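Q: 3D, please:
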Amino acid sequence: MATTIVLVRHGETDWNREHRFQGHADVPLNEDGRAQVAELGEKLAGELFAAAYTSPLRRAAETAEILGSRLGLVVQPSDGLREVDVGSWSGLTVREVENRFPDGFRRWIDWKVEGWDDGEQYEDFSRRVVGGLLEIAARHPSGRVLAVTHGGPIRTALATALGVSGSANIVLGNCAIVRIAVQDGVMQAVD
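A: Next up is the predicted model:
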């Protein structure tokens, strides 16, 4: 049987609201984000999980702790769930990036590749995320696992599970849920 990984995007931060690139910045949830997570905890309350993992970044870890408390789970950190490092774009709004890094911004918009010159390459990021998820699945064969993370890792996992290249066109709101199944080292999307 397959392992089901329930991927959850963290609750809202002030930087989400301001449309700032977060990357590896350790931004906390805001009050609306905490309320979103509490509501999500009620929705997930009927599900049983073998384990819970989180990105070590504060916005995800705080989300995971709130959910873990509601669901009776001890949360473990996983670097594989960390967001992509956007380098010098971190903390900047989309408009600021467009003005300061016009060539990189065009690459990011037109070709759906990283536009930053000093952050993590998408190929390395994808390898890290997929490898981390496969490792989590191997620890919990045939189980259901909660994994709290960020938009980038969820888009990467979903693109891999759907067998499509790239992931920039997948829009995920805060506290979005995406389910994937992992069997014999292969990821598939779950309805």
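
Q: The residue nearest the centre of the chain and Ala159, how far apart?
A: With distances taken as C-alpha atoms, centre = their mean, His150 lies nearest the centre of the chain, 2.4 Å away. As judged by C-beta to C-beta, to the nearest Å, His150 and Ala159 stand 15 Å apart. For glycine as for every other residue, the C-beta is placed from the backbone atoms N, C-alpha and C.

Q: who's in contact with the nearest residue to Arg70 once chain neighbours are set aside?
A: Leaving aside its sequence neighbours, Arg70 sits nearest to Gly41 (C-beta to C-beta, 6 or more residues apart in numbering; 3.6 Å). Each residue near Gly41 by C-beta atoms under 8 Å, 6 or more residues apart in numbering is listed here: 66-67, 70-71.

Q: Using TSV, please lay out those residues together with secondary structure.
A: Listed next are the contacts of Gly41 as TSV, based on DSSP: H, G, I helix; E, B strand; the rest coil:
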residue	secondary structure
Ile66	helix
Leu67	helix
Arg70	helix
Leu71	helix
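
Q: Could you tell me the model confidence score at Ser167?
A: Note for Ser167: predicted pLDDT of 62.

Q: Contacts for the strand or helix carrying Leu133, please.
A: Following DSSP states H and E, one finds Leu133 within helix 122-139. Contacts to helix 122-139, defined as C-beta under 8 Å, 6+ apart, come from residues 3, 5, 51, 53, 78-82, 84-85, 113-114, 145, 147, 152-153, 156-157, 160, 180, 182, 185, 187.

Q: Check the gap between the residue nearest to Arg70 and Glu120 for me.
A: Using C-beta to C-beta, Gly41 is found at 31 Å from Glu120.

Q: three-state assignment of the residue sitting furthest away from the middle of the chain?
A: Largest separation from the mean C-alpha position in the chain: Asn99, at 27.0 Å (C-alpha atoms, centre = their mean). Recorded secondary structure, Asn99: helix (three-state DSSP).

Q: got it, and the one 4 residues further on?
A: The three-state assignment at Asp103 reads helix, by three-state DSSP.

Q: nearest spatial neighbour of it, skipping sequence neighbours?
A: In this structure, Asp103 finds its nearest non-sequential neighbour in Gly115, 7.8 Å apart by C-beta to C-beta, 6+ apart.

Q: Surely that neighbour and Pro102 touch.
A: No - checked against C-beta atoms under 8 Å, the pair Gly115 and Pro102 is beyond contact range at 9.5 Å.

Q: Of those two, which one has the most company?
A: Neighbours were counted for Gly115 and for Pro102 using other C-beta atoms under 10 Å; Gly115 has more, 22 against 11.

Q: Right, I'll call it a day here.
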